[in-house]
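**Student:** Following is a predicted model, sequence given first.
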Amino acid sequence: MLSNRQIGPAFYKMRLAFDGPAAQAFAELRPGQFAQLDVSRAALPPAEKIPPELTEAANRSILLRRPFSFTDVNAEQGRTVLELLYCAVGPATLRMTTLKSGDALSAIGPLGKGFWVPPGKNKALLVSGGMGTAPMQHLAKSLAWEQKENGIEVIAFAGAKTSSDLPFEGKMDEISRQLGFSIREFAKYTVESMVATDDGSVGFRGTVTDCFSHWLKKNPPDPAATIIYSCGPEPMLAKVAEIARQRNIDCQVSLERRMACGIGVCQSCAVECRVGASEQTIYKMCCEDGPVFDAREVVFREGR
Ligand code: FES
């Protein structure tokens, strides 16, 4: 591990370096793909640094690897560096906060299927809630930089309950756009972005899906040439999928499930999916068939 920095109340950025064959494998990691990390050997932070609400959870043992997507991938001279954004909310992520430069971590990856660009698209709208911004940042870079020749315009929307729940570094640079703010993590790829907070503490007052709907009304895109990508809490994804359906815009969503194996063996990560346009449904594996799915095929159930 190269570094592990706290960037917000509970948010951290970790950089992992891979050499040799692993460097080659992770250099190919596409936005939305993930790795399974083993953090079971990391120590817990001292008791006084564990928030009271996490004291009980902190003492649970870590048996399984945890899946993480990445905000950035850089490969040069036989070494690949992955940047990972995480929030210390449970026994595994609390332990991750104690890792230091030079510590070793076991990682299995790249795993799963990431985002893809269907032919004929010239506009990509990235909608994320909370920690769902992580793969969106990687996707923004890929679309705006690496696939520059495709000429895809990228606009990002990010939301959270309040400003302190936004997992971005530093203060967001305000720009005079009608709806909100420019987020540095997207601006560095020259990607315009807007922020929404439920309490209006920064950016648009309301949910990110309200912000997105508002923007779509003012800037109706050509449905055939547009693609929506989304990652975040499942109720938010369900709303984004519905907005896309109403406007007949292609949409891909990145889902989250508990993942025991990450390689399609344990069946712990089932996602209910439609079979074509029929009423019939089947279960696909989030780790192997996803985590990115075409939004039309996912059956969103309340309470997830
Ligand atoms: Fe085991 Fe998906 S995590 S099958």
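**Tutor:** Perfect, thanks for sending it. Numbering: from 1, shown residues only.

**Student:** quick one: low-confidence ranges for the stretch 151-300 of the chain?
**Tutor:** With pLDDT under 70 as the threshold, the stretch 151-300 of the chain has low-confidence stretches at 171-181.

**Student:** Around the ligand, which positions in it sit nearby?
**Tutor:** Proximity of the stretch 151-300 of the chain to the ligand, by CB under 6 Å from any ligand atom, involves residues 259-262, 264-269, 285-287. For every residue, glycine as well, the C-beta is placed using N, CA and C.

**Student:** quick one: which of those residues is nearest residue 35?
**Tutor:** Closest approach between these and residue 35, by CB to CB: residue 262, at 8.3 Å.

**Student:** Go ahead and confirm the closest one touches residue 36.
**Tutor:** Yes. Using CB atoms under 8 Å, residue 262 is in contact with residue 36, at 4.1 Å.

**Student:** Between the two, which is the more surrounded one?
**Tutor:** Each of residue 262 and residue 36 has its neighbours counted (other CB atoms under 10 Å); residue 262 has more, 25 against 21.

**Student:** Surely the more buried one forms part of a strand?
**Tutor:** No. According to DSSP: H, G, I helix; E, B strand; the rest coil, residue 262 belongs to no strand; its state is coil.

**Student:** mind listing the strands in the stretch 201-304 of the chain by residue range?
**Tutor:** Under the criterion DSSP state E, counting those that start in this stretch, strands of the stretch 201-304 of the chain are mapped to 204-205, 226-231, 250-254, 270-274, 281-285, 292-294.

**Student:** in the fourth one, what's buried?
**Tutor:** The one in question is strand 270-274. Going by neighbour count (16 or more other CB atoms under 10 Å), the buried part of strand 270-274 is 271, 273.

**Student:** returning to that earlier point: need the residues touching each of residue 262 and residue 36.
**Tutor:** Listed as contacting both residue 262 and residue 36 by CB atoms under 8 Å, 6 or more residues apart in numbering are 65, 67, 108, 111.

**Student:** quick one: which of the residues you listed is nearest to the ligand?
**Tutor:** Of all the shared contacts of residue 262 and residue 36, the one with the least separation from the ligand (CB to the nearest ligand atom) is residue 67, at 8.1 Å.

**Student:** Quick check, the closest one in contact with residue 261.
**Tutor:** No. Between residue 67 and residue 261 there is no contact under CB under 8 Å: 10.4 Å.

**Student:** the more surrounded of the two?
**Tutor:** Neighbours were tallied for residue 67 and for residue 261 using other CB under 10 Å; the higher tally belongs to residue 67 (22 against 18).

**Student:** any idea which element that one lies in?
**Tutor:** strand 66-68 (DSSP states H and E).

**Student:** Tell me the strands beside that strand, with direction?
**Tutor:** Strand 66-68 has the following sheet partners, assigned by DSSP bridges: strand 34-38 (antiparallel).
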